[in-house]
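[1] have a look at this prediction, sequence included:
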Amino acid sequence: MSPRMPGAPLNRRALIASAVPFGRTYQTRDEVDFVVVGSGAAGGVIARELSKAGFSVVVLEQGPYRKAADVSHDELEIAIQNALAGDDPQTFRTTAADEAAPLQGPFPPAFYAHTVGGSSAHFTANYWRFRPVDFDERSRLGAIPGASLADWPITYEELEPYYTRVDWEVGVSGAPGPNDPPRSRPYPHPPLPVKSSGVLFERGARAVGYQPYPAPMAIISEARPGRNACVHCGFCMGFMCEMNAKSSTLASMIPEAEATGKCEIRPECTAHRVDTDASGRVTQVVYFDKDGNEHAQKAKAVVLSANGAETPRLLFLSESSLFPQGLANGSGVVGKHLMFNGNGSVQALFEEPLNEFKSVQVTRVCTDWYESDPKRGFYGGGGMDGRQIFNSPILFALAGMPPDAPFRGPELRRFLSHNFTRSMMVATHSTSLPLETNTITLDEEVKDRFGRPVVRVTYKDHPDDLKMVDFLQTRAKEILEAAGAKRTWSFPAQEQNVGFHLLGTCRMGDDPSSSVVDRYHRTHEVPNLFICDGSSFVTSGRGQPTMTISALAFRAGEHIAEAAKKGDI
């Protein structure tokens, strides 16, 4: 039975058990108006926008359509065995001169969920807006040696109405912070209740002169039509939410898309190739069903929202005599400028129990270091929050203990029993510079179960990104000590080989020679092919990209629908 907080009646109709797939079913021989590849933070929004505008839409999602009965709170299955992430092989190398190989570890180099709703179904739900500086840093700061920093073709002011749509239509809880960018409307829901890590983070941050504030979270603190408020079960980051409190597209957008009767969600269908005609226009998407059978869905236009790894992979797989470098890749930019975001943490133990296994991950954040400051001697900006990522016993035992903790026997049991409930961390989030050498490409030496070349990730952090992580970790340690921690520990920033944010690989821009899509997400070379997901990013932001992905999707969906109505696709 699902938990329920006192005084919060459970709306059983709002459980995702009731979200049984419904709506129109199309035949592959029928030419639909749009095929959308991917159903996550971008694809789910675009499918909803286009179907509500009256267009026929088929969404191809490689993962299954999970319902409440399919949601697991098994930490071994979800957090260790990565049951939501699928089992497709990938390879990694640091530079193009290195030999690529699968990683030996719990995560693939490009990590994302395989499920209807995409990674929005299992994310932490930190929903920071980008700020004006994120869109024009190249003009403000000039060139950064070793990086391909560029301005976006749009501004914060242009995107702000769509951030507001995310707040109100997807569902965000929060309160304005001291350094927030301008907003046209307040938050639709008040902040989630503060938990122990939030109290201690706020206490420590204020003690050393910083300005913490309630975390903006895509988890609703109040019920809304068809959805329950958060019940604080604690199975949040990495887990799906059967209460529909987490504002995934599975909870917020896809039901509305299906309710139009114009949208079909086609789960366990893996896009393999986008075909074009002799004039270079998209005609269909070829895909495999779960049994490996090949199909082709005809469409007047296609939107790729498969994420920053799978979208460039699909473009490369769609090479032809017209597009020998890959579909829409005449510029040679597809797959380049990959950004992961910087990540760091400082762990701490406290005297009294904190019980961080309860509720959402984050209730307080601080972004005093958001903008790059030349006085630091390096590029970078970011923020941090109080939480405990390792908030389950297995995770804490494997990754959350100090390096000198006992590792077996009665001493280990005593340490875990006493300290699991007394631990928290400050997690830091920061910039990644775009580098032309950080890429998604195809590894022809390794094939997936359909016989396709797998994703090959080439990634090496810019030195400034590592310096920013260390800078923020020093501030985090100050905060935890000021909050009264008995002990803190951390590790120096290390080069990353796993990305949870997959950004920049089909960047937008006004110049077709240096970008893949225009300011409205139409590819420069194929008039009826659009790309909108993390791959569209020009810069990384400060570590929380998902809200911007959805804001871009609302904007793209609006413009694509307008163009289609005018016959301009």
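    Nice, thanks for sending it over.

[2] how far does stretch 383-392 sit from its chain's centre?
    The chain centre lies 17 Å from the centre of stretch 383-392; the measure is C-alpha atoms, centre = their mean, to the nearest Å.

[3] mean confidence score for that stretch?
    Per-residue pLDDT over stretch 383-392 has a mean of 92.

[4] how long is that stretch end to end?
    Counting by C-alpha to C-alpha, to the nearest Å, you get 25 Å between the two ends of stretch 383-392.

[5] cool, stretch 523-536 as well?
    Note: stretch 523-536 ends 11 Å apart using C-alpha to C-alpha.

[6] do the same with stretch 185-200
    30 Å.

[7] show the subsequent helix or strand relative to whatever helix or strand V302 lives in.
    Take DSSP states H and E as the rule and V302 turns out to sit in strand 294-304. Using DSSP H and E, the helix or strand that follows strand 294-304 towards the C-terminus is helix 310-317.

[8] all helices of the stretch 301-450 of the chain, in order?
    Counting by DSSP state H, counting those that start in this stretch, one finds helices in the stretch 301-450 of the chain at the ranges 310-317, 393-399, 409-419.

[9] looking at those, which is buried most?
    Each of these was scored by mean neighbour count; the highest is helix 310-317, a mean of 26, by mean count of other C-beta atoms under 10 Å. Where C-beta positions appear, they are placed from N, C-alpha and C, glycine not excepted.

[10] now that helix: average pLDDT?
    According to the model, helix 310-317 has a mean pLDDT of 98.

[11] and it, what does it pack against?
    Packing partners of helix 310-317 (3 or more C-beta pairs under 8 Å, 6 or more residues apart in numbering; DSSP states H and E): strand 270-276, strand 294-304, strand 439-447, strand 453-458.

[12] can you tell me which of those is nearest to G43?
    Closest approach to G43 among the helices and strands packed on helix 310-317 is made by strand 294-304 (7.3 Å; C-beta to C-beta).

[13] the closest one vs strand 270-276, what angle?
    Strand 294-304 and strand 270-276 meet at an angle of 80 degrees, taking axes from the mean of the first three to the mean of the last three C-alpha atoms, to 10 degrees as the criterion.

[14] what residues sit buried inside strand 294-304?
    Buried residues in strand 294-304, defined by neighbour count with 16 or more other C-beta atoms under 10 Å: 297-304.

[15] now pLDDT and distance to P225 too, for these, in a markdown table please.
    Below are these laid out as a markdown table (pLDDT from 0 to 100; distance: C-beta to C-beta, whole Å):
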| residue | pLDDT | distance to P225 |
| --- | --- | --- |
| Q297 | 98 | 32 |
| K298 | 98 | 35 |
| A299 | 98 | 32 |
| K300 | 98 | 33 |
| A301 | 98 | 31 |
| V302 | 98 | 32 |
| V303 | 98 | 27 |
| L304 | 98 | 31 |
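
[16] which among those residues gets closest to R140?
    Looking across the buried residues of strand 294-304 and measuring by C-beta to C-beta, the closest to R140 is L304, at 30.9 Å.

[17] the closest one bridge partners, please.
    L304 has these beta-bridge partners by DSSP bridges: V37, I531.
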